[in-house]
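In: What follows is a predicted protein model with its sequence.
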Amino acid sequence: MTSPTRVLVLNSGSSSVKYQLLDMRDRSRLAVGLVERIGERTSRLKHTCVGSGETREQNGPMADHGAALKAVAGELAKDGLGLDSPELAAIGHRVVHGGEFFTEPTVVDDTVLIEIERLIPVAPLHNPANLTGIRTAQELRPDLPQVAVFDTAFHTTMPESAARYAIDPRIADRHRIRRYGFHGTSHAYVSRETARLLGKDPSEVNVIVLHLGNGASASAVRGGVCVDTSMGLTPLEGLVMGTRSGDLDPAVIFHLARVGGMDMDEIDTLLNKRSGLFGLCGDNDMREIRRRVEEGDEQAKLAFDIYIHRLKKYIGAYYAVLGRVDAVAFTAGVGENAAAVREAAVAGLEGLGLAVDADLNAVRGDEARLISPDSARVAVAVVPTDEELEIATQTYALVGRE
Ligand SMILES: Nc1ncnc2c1ncn2[C@@H]1O[C@H](COP(=O)(O)OP(=O)(O)O)[C@@H](O)[C@H]1O
Ligand SMILES: CC(=O)OP(=O)(O)O
Ligand SMILES: [Mg+2]
């Protein structure tokens, strides 16, 4: 028999799983899908078999990422693409926090699982979901390599000046406190695709990548190498996000504890789950916020303005870090779809050589595209991310050689 060539990729978020089954001979998709609202009363699975073009939906409770993966396996089996297939070479998992140990995609064994578990305190929304996904996949196909691809890996090239906080290094090292950065698979993929869009080699271009999804982060990539990113020890630092505050004075936490009478878990929940756009205006979906802004809603407008102000600060900061910028790339759910966010983030930055052409910015599509006028010194681009393809590529490179 020829070697198996298919890879199943699981991109587990805190309450969702995006998945794709790919054939790595031509990197084509055989099935794609999404499970949302895992752990809530009604979860939703949307599955598409690419070959037949058929899309099916399932609504019902799925208690955790294990139940979600079992439901996904059931849907794949209905299309004759079940996990029992001998053509499956591996399952690739997005793992959010890899700490300082994991700088490369890694075949999962017991030691790897222990390390991912040890990192739960610094990725409490994500690593537990990633672990459950891996363990369930092992249950379903114990003979198959499970490969972990870490969000932190791309950022391990950051210089110490960017990766260290200004605290006593002995204390920092004892507790492994440093800036790890996240969404690395996306920052790596998008910075490379941006170079391709410009017709250049990644080693020749400096790119600011703005990954704006529910979680959001910026990165400064010099010649294909990450030199700074906005998330830190955990995915809480940096930009304003759907439900996370991003940057704030650390003393806010002492103040909430000492004066506000909140305990640490309450503050953690406040900053991770009840802040950001949601905390500011009650909505975390940019579509809803834009609709409210169009209707003249002041609270939504303030939330939008705070989001944009922070984004602009990071564009300026990373411009300074890089010295020369060839492109700014917008990606992920908000970056790829919200023209108003792109327009507002770049507005007033003509002095830095940045501008957006209104007509180009209004175009919708799945392809990487430039939205800056021809005359602009710095290219502004929309570059759809594909974390699943990147994870599949890295997974197959590791296990598909024989
Ligand atoms: N057409 C759109 N206009 C504006 N925002 C959008 C649109 N489509 C999706 N989004 C935003 O994208 C977010 C999800 O982005 P995504 O990259 O899928 O995030 P995550 O991977 O963190 O779940 C949604 O919360 C929503 O705010
Ligand atoms: C690390 C992180 O924030 O991931 P997500 O955007 O999937 O929540
Ligand atoms: Mg995401």
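Out: Arrived safely. Numbers count the residues shown, from 1 in each chain. Ligands and ions are numbered 1, 2, ... in the order given.
In: for Val95, phi and psi?
Out: phi -120, psi 130 (degrees, to the nearest 10).
In: That should have said Leu352, apologies.
Out: According to degrees, to the nearest 10, Leu352 has phi -90, psi 0.
In: pLDDT score assigned to Leu125?
Out: Looking at Leu125, its pLDDT is 85.
In: I meant to write Gln394 there.
Out: For Gln394, pLDDT reads 96.
In: ok so it is a helix residue?
Out: Yes: the assignment for Gln394 is a helix, going by DSSP: H, G, I helix; E, B strand; the rest coil.
In: what about it, distance to ligand 2?
Out: 17 Å (C-beta to the nearest ligand atom, to the nearest Å). For glycine as for every other residue, the C-beta is placed from the backbone atoms N, C-alpha and C.
In: Three-state assignment for the nearest residue to Thr395 once chain neighbours are set aside, please.
Out: What sits nearest to Thr395 in space, not counting adjacent residues and going by C-beta to C-beta, 6 or more residues apart in numbering, is Gly92, at 3.3 Å. Each residue gets one of three states, and Gly92 gets strand by three-state DSSP.
In: what separates the residue of the stretch 1-150 of the chain found nearest ligand 2 from Thr229, distance-wise?
Out: Nearest to ligand 2 in the stretch 1-150 of the chain, going by C-beta to the nearest ligand atom, is Gly13, at a distance of 4.1 Å. Going from Gly13 to Thr229 by C-beta to C-beta, to the nearest Å gives 19 Å.
In: And Phe278, by the same measure?
Out: Counting by C-beta to C-beta - Phe278 and Thr229 are separated by 23 Å.
In: higher neighbour count, these two?
Out: More crowded of Phe278 and Thr229, by other C-beta atoms under 10 Å: Thr229, with 30 against 19.
In: from what I can see that one touches His187, true?
Out: Yes: proximity of Thr229 to His187 meets the contact threshold set by C-beta atoms under 8 Å, at 6.9 Å.
In: Low-confidence stretches in the chain?
Out: 1, 401-402 (pLDDT under 70).
In: Quick one: list the elements packing against the helix ranked longest in it.
Out: For the chain, the helix that runs over the most residues, judged by DSSP state H, is helix 298-322. When contacts are defined as 3 or more C-beta pairs under 8 Å, 6 or more residues apart in numbering; DSSP states H and E, helix 298-322 sits against strand 206-212, strand 216-222, strand 225-229, helix 276-281, helix 286-294, helix 339-346.
In: who wins for proximity to ligand 1 among the ones you listed?
Out: helix 286-294 (3.5 Å).
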